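> Predicted model and sequence below, questions to follow.
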Amino acid sequence: VQLQASGGGLVQAGGSLRLSCAASGRTFSNYVMGWFRQAPGKERELVAGINRSGGSTYYADSVKGRFTISRDNAKNTVHLQMNSLKPEDTAVYYCAASVGSYRSALYDYWGQGTQVTVSS
């Protein structure tokens, strides 16, 4: 499956951004989806994951209550709505697909990253 992420940018602290990821090439609903991020000098971390139907989600503690992951299987897309953004959310964000668990950091397919920068 091929993944194309978009929607990053520069935003002030407290603002919002919506990331999107378009999938192609395979049956989208066969995959759990996730959003990861990697800040300079830090390891890549799973920010949010969603199961195949969209009925179950996972969030890292650092983003709970601020970020929302959703998917549209009819449109082969997954989104990450990011509200109340903080400077520490600054990172390159990646969407990813997996045939395994949406809670695991072990994903199989990766899109290119999209930069999110939050200014203080």
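Structure's in. What do you need?

> could you show me where the strands are in the chain, in order?
Secondary structure of the chain (DSSP state E): strands at 2-6, 9-12, 17-24, 32-38, 45-50, 57-59, 67-72, 77-82, 91-98, 109-110, 114-119.

> Need the ones you listed in JSON lines (columns: mean pLDDT).
Formatted as JSON lines, the strands of the chain follow (pLDDT from 0 to 100):
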{"stretch": "strand 2-6", "mean pLDDT": "96"}
{"stretch": "strand 9-12", "mean pLDDT": "98"}
{"stretch": "strand 17-24", "mean pLDDT": "97"}
{"stretch": "strand 32-38", "mean pLDDT": "98"}
{"stretch": "strand 45-50", "mean pLDDT": "97"}
{"stretch": "strand 57-59", "mean pLDDT": "98"}
{"stretch": "strand 67-72", "mean pLDDT": "98"}
{"stretch": "strand 77-82", "mean pLDDT": "98"}
{"stretch": "strand 91-98", "mean pLDDT": "97"}
{"stretch": "strand 109-110", "mean pLDDT": "96"}
{"stretch": "strand 114-119", "mean pLDDT": "98"}
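
> got those strands as a markdown table, with mean neighbour count columns?
(Each C-beta comes from the backbone N, C-alpha and C, glycine too.) As requested, the strands of the chain are exported to a markdown table (neighbours: other CB atoms under 10 Å):
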| stretch | mean neighbour count |
| --- | --- |
| strand 2-6 | 17 |
| strand 9-12 | 13 |
| strand 17-24 | 19 |
| strand 32-38 | 24 |
| strand 45-50 | 22 |
| strand 57-59 | 17 |
| strand 67-72 | 18 |
| strand 77-82 | 23 |
| strand 91-98 | 22 |
| strand 109-110 | 16 |
| strand 114-119 | 17 |
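
> isn't residue 5 right next to residue 112, touching?
Yes. With contact defined as CB atoms under 8 Å, residue 5 reaches residue 112; the gap is 6.2 Å.

> Now for these two: what residues contact both?
residue 94 (CB atoms under 8 Å, 6 or more residues apart in numbering).

> and the spatially most central residue of the chain, how far is that from residue 55?
Centroid-nearest residue in the chain: residue 35, 2.3 Å away (criterion: CA atoms, centre = their mean). For residue 35, the distance to residue 55 equals 17 Å [CB to CB, to the nearest Å].

> That's all I had, so thanks and see you.
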